[in-house]
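Novice: below are the sequence and a predicted model; questions follow.
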Amino acid sequence: MKILFIQTNLNSSNKFTFSFGINSIAAVLEKNSHECGYYLVSSTCGQEHGELKNQIEGFEPDVLAFTAITSQFEHVRKLAGEIKEYFRGVVICGGVHPTLEPDCLERTEGLDAVVIGEGEYAVLDLMDAIRDGENIYSIKNFWFRKGKGIVRNTVRPLIENLDELPLPATHICDWQGLIDDTNGRLRFFFGRGCPFKCTYCSNHALNEIYKDDKTVRYPSVNRCMDEIAFATSKYRFNHLYFADDTFILNRKWTLEFLKAYEKSFNYPFGCQVRANLCSKKMFTDLQGAGCFMVMMGVESGNDYIRNEILKRKMTREQIVTAFADARDAGIKTAAQVIIGLPFETEETIVDTIDLMAEINADEVRHGVFFPYPNTELQRLCIENSFLKKEAYYSDYCERADSILDLPDLSKSRIEYYNDNFISILEEKIKKRGETPMGNQASTNTGFVSSLTNEIDIYSE
């Protein structure tokens, strides 16, 4: 049986598109003798629909599997409708958007089903059932279109033992090209789940789906070392990046990981940490194992918005201290912030810029707030008339355009601050009598280029 995975990146500010989920699902399918293909529909490939049709006709899949975040789902909906005019197989869509809003199936006639939650064994069951001519409509984690109705199945338990999954099937896409396009960054995603309840993030909404399961899970450290060894032997790169939402969440696991990594490898790496979980010792341990950069989410410099609206539950002092401690340990820092948040004003944006000036990180990643479906912050936006559902169906670029109607901050002013964030920040830093750590290298796309250009290529 053949399945073609399709990912879209249209009208997007995202310069690097990849899917750990697709790679994991494909690995499980290939282990069970199914054939997998992958195609990226991007804003740079030109004549996307015609090229996609050629891919489908050339590969001859039995199943087409889209993945979608909310900002891409309208593109998926349109493509699925066009595909159904000539493709007679099964068309499904998984990913964060259908997981958070599975009712999207009702208004997407081109889709036969949506996948909710973890897709490895759900998609395997679908492929096996189609191959064997069995009933597909009772497969857990799927909502199916059946006649004029929708079959809504429950979700199966989360995968507890992540070691049972085969190594990600990165070979189905141009993984080397993705590494090259980000200055040699080879990415890994080890743990799953997040216990925090930040209102803007999809994680707390995902946790509600699996409220009876242990959502935070880790593979064994040995399994992680095997994955690193395999990938570093296969691809050219100049540094690794551990993309877990909070790499230091489980301190015991993290310390065990760092000890094993230091014994086995000598590659510099970056990771994502959380300011209120950091300590001088943690940064020293990270640096000793090869960590040269960390990303920390600050989100807002205004205490009320950060802690009452976003529920980040971290003080300004914790944030400032964490960045200072990282720098003292010899680790470069990147900060992530959001503007155009609910109840945002020009004054609260200035609060964010002021905090960024005090931190003076090596790089700042900034973007415009986007309300994800069924999150607490989306509900707050709707309740306060900041957001209309139809805004999702308009033409916008996620994290560059605002779809909110805020009473005290116009969309044009949000766009102004987003476009000029770095220049305003650098002037603030200079007024403090300091030199911007990032100079002109800071961007709104993260610290891919400016923090890695002094690292030598490690692997041929």
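Specialist: Yep, that arrived.

Novice: phi first, then psi, for Ile429.
Specialist: The main-chain torsion angles of Ile429 are listed as degrees, to the nearest 10 and equal phi -70, psi -40.

Novice: any idea how far it is from Asp354?
Specialist: Relative to Asp354, Ile429 is positioned 10 Å away (criterion: C-beta to C-beta, to the nearest Å). C-beta here means a position set from N, CA and C on the backbone, and glycine is covered the same way.

Novice: settle it for me: which of the two has more neighbours?
Specialist: Using other C-beta atoms under 10 Å as the criterion, Ile429 and Asp354 rank with Ile429 on top: 20 against 15.

Novice: Pro436 is in contact with that one, correct?
Specialist: Yes - taking C-beta atoms under 8 Å as the definition, Ile429 is a contact partner of Pro436 at 4.7 Å.

Novice: mutual contacts of those two, please.
Specialist: Residues touching both Ile429 and Pro436 by C-beta atoms under 8 Å, 6 or more residues apart in numbering: Asn360.

Novice: tell me the buried residues in stretch 181-195?
Specialist: Of the residues in stretch 181-195, 182-194 count as buried by neighbour count, 16 or more other C-beta atoms under 10 Å.

Novice: no no, stretch 305-324
Specialist: For stretch 305-324, using 16+ other C-beta under 10 Å, the buried residues are 305-306, 309-312, 314, 316, 318-319, 321-324.

Novice: circling back: take the buried residues of stretch 181-195 and keep only those in strands.
Specialist: 185-188 (DSSP state E).

Novice: where does this structure have its least confident helix or strand?
Specialist: Taking mean pLDDT, DSSP states H and E as the measure, the helix or strand of the chain with the lowest value is helix 48-59, at a mean of 87.

Novice: for the helix or strand following that helix, C-alpha coordinates in PDB please.
Specialist: Using DSSP states H and E, the helix or strand that follows helix 48-59 towards the C-terminus is strand 63-67. What follows is the C-alpha trace of strand 63-67 in PDB, where atoms were taken according to Å, rounded to 0.1, in the frame of the first residue of the first chain:
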ATOM      1  CA  VAL A  63      -4.000   7.300   0.500                       C
ATOM      2  CA  LEU A  64      -3.200  11.000   0.500                       C
ATOM      3  CA  ALA A  65      -2.400  12.400   3.900                       C
ATOM      4  CA  PHE A  66      -2.200  16.200   4.500                       C
ATOM      5  CA  THR A  67      -0.900  17.700   7.700                       C
END
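
Novice: check which helices and strands strand 63-67 sits against.
Specialist: Strand 63-67 is packed against strand 2-9, helix 20-31, helix 70-83, strand 90-94, helix 120-132, with contacts defined by 3 or more C-beta pairs under 8 Å, 6 or more residues apart in numbering; DSSP states H and E.

Novice: per-residue confidence averaged over the longest one?
Specialist: In this case it means helix 70-83. Helix 70-83 carries an average pLDDT of 93.

Novice: now that helix: buried residues?
Specialist: Counting neighbours by 16+ other C-beta under 10 Å, the buried set in helix 70-83 is 70-77, 79-80, 83.

Novice: for Glu376, which non-adjacent residue is closest in space?
Specialist: Excluding the flanking residues, the one nearest Glu376 by C-beta to C-beta, 6 or more residues apart in numbering is Thr199, at 4.0 Å.

Novice: surely the one you found meets Ile309?
Specialist: Yes - distance between Thr199 and Ile309: 6.8 Å, which falls inside the contact criterion (C-beta under 8 Å).
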